[in-house]
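[1] Sharing a sequence plus its predicted fold:
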Amino acid sequence: MYTIQDLYDLDHTLAKDYLAQFTYPWEALKGIKDFILALGPTLDPEEYQEIAENVWVHKTAKVYPSAYLGAPCIIGPNTEVRHGAFIRGSALIGDTCVVGNSVELKNVILFDHVQTPHYNYVGDSILGYYSHMGAGSITSNIKADKKNIVIHGTDEEIATGLRKVGAMLGDHVDVGCNSVMNPGVIIGRWTNVYPTSCVRGVIPEYCILKNNGEIIQKQVETE
């Protein structure tokens, strides 16, 4: 339930080989910047343009004039980065993604077909293939007491050793509008989160998390 293998199909990200080195997704967070700096110069210059130092944008991507792209970052093919988006850096954004109005990204990997379209904050997080964050939903990545993040599972706790950990969303996760994911949240594949939810701990795959905290199982037809 917690591992990279449990959460993600690695065929849908340029970070496949990088992520495959680790057991747990949060272990990859510290190295995202260095990984992007190493990957960027290897990208095909016929496909990617380095529009600023350590900022690589695919030639089919659409970046609106008022968007800010901080280094290092990679913007994948067919992706839209809309007006007012603020990519602070250390962001790998995949194929056919949406980074919307007033969205802020920092130290993240977004798999292919991820949507963060409206007023989202995503920091120190990994968002799986076809995951979606509704308008105003955010990842909280640091505790009020600034202590290291602990992953709170059903029957165990895992110390990350990190002060900043956002959310790990599995493939096809859908987060409802104005939801807050507390530091160290993990959401399994194909799970839905109701709008205005306060999400804590580990939410299993193929579930619905209601905003009263109730978790129910669901049946989903996968691709």
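    Received it, and whenever you're ready, just let me know what you need.
[2] Could you give me the buried positions within the longest helix anywhere in the chain?
    For the chain, the helix with the greatest residue count under DSSP state H is helix 32-39. For helix 32-39, burial by neighbour count (16 or more other Cβ atoms under 10 Å) applies to Ile32, Lys33, Phe35, Ile36, Leu39. Every residue, glycine included, has its C-beta placed from N, CA and C.
[3] for stretch 153-173, same thing?
    Of the residues in stretch 153-173, 158, 160, 162, 164-173 count as buried by neighbour count, 16+ other Cβ under 10 Å.
[4] Just checking: what are the partner strands of whatever helix or strand comes next after the longest helix of the chain?
    Using DSSP states H and E, the next helix or strand after helix 32-39 towards the C-terminus is strand 48-52. Applying DSSP bridges, strand 48-52 is found paired with strand 55-58 (antiparallel).
[5] Looking at the partner strand now, give me its mean pLDDT.
    Over the span of strand 55-58, the pLDDT mean works out to 98.
[6] coming back round to it: just the buried residues of helix 32-39 now: which is nearest Ser131?
    The shortest approach to Ser131 among the buried residues of helix 32-39 belongs to Ile32, at 17.1 Å (Cβ to Cβ).
[7] Surely that closest one and Leu110 touch.
    No: look at Ile32 against Leu110 with Cβ atoms under 8 Å: they stay out of range, at 11.2 Å.
[8] Which neighbours do those two have in common?
    Leu92 (Cβ atoms under 8 Å, 6 or more residues apart in numbering).
[9] ranges for the helices of this structure?
    Under DSSP H, the chain gives helices at 4-7, 16-19, 32-39.
[10] Now those in TSV, please, with extra columns for distance to Leu209 and mean pLDDT.
    Formatted as TSV, these follow (distance: least, Cβ to Cβ, whole Å; pLDDT from 0 to 100):
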stretch	distance to Leu209	mean pLDDT
helix 4-7	16	97
helix 16-19	25	98
helix 32-39	27	98
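[11] ok, back up a step: closest one to Cys177 out of the buried residues of helix 32-39, please.
    Nearest to Cys177 among the buried residues of helix 32-39, counting by Cβ to Cβ, is Ile32 at 27.1 Å.
[12] if you skip the residues just before and after it, what's nearest to the closest one?
    Ser90 (4.9 Å; Cβ to Cβ, 6 or more residues apart in numbering).
[13] Check what pLDDT that neighbour gets.
    Value listed for Ser90 in the pLDDT field: 97.
[14] Could you do Ile216 as well?
    We have a pLDDT of 93 for Ile216.
[15] which residues does it contact?
    By Cβ under 8 Å, 6+ apart, Ile216 lies in contact with Cys207, Ile208, Lys210.
[16] Now that we have these, which of them are buried?
    So, of these, Cys207 end up buried under the neighbour-count rule (16+ other Cβ under 10 Å).
[17] Adding distance to Gly188 and pLDDT, write the contacts of Ile216 out as JSON lines.
    Formatted as JSON lines, the contacts of Ile216 follow (distance: Cβ to Cβ, whole Å; pLDDT from 0 to 100):
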{"residue": "Cys207", "distance to Gly188": "7", "pLDDT": "96"}
{"residue": "Ile208", "distance to Gly188": "12", "pLDDT": "95"}
{"residue": "Lys210", "distance to Gly188": "16", "pLDDT": "93"}
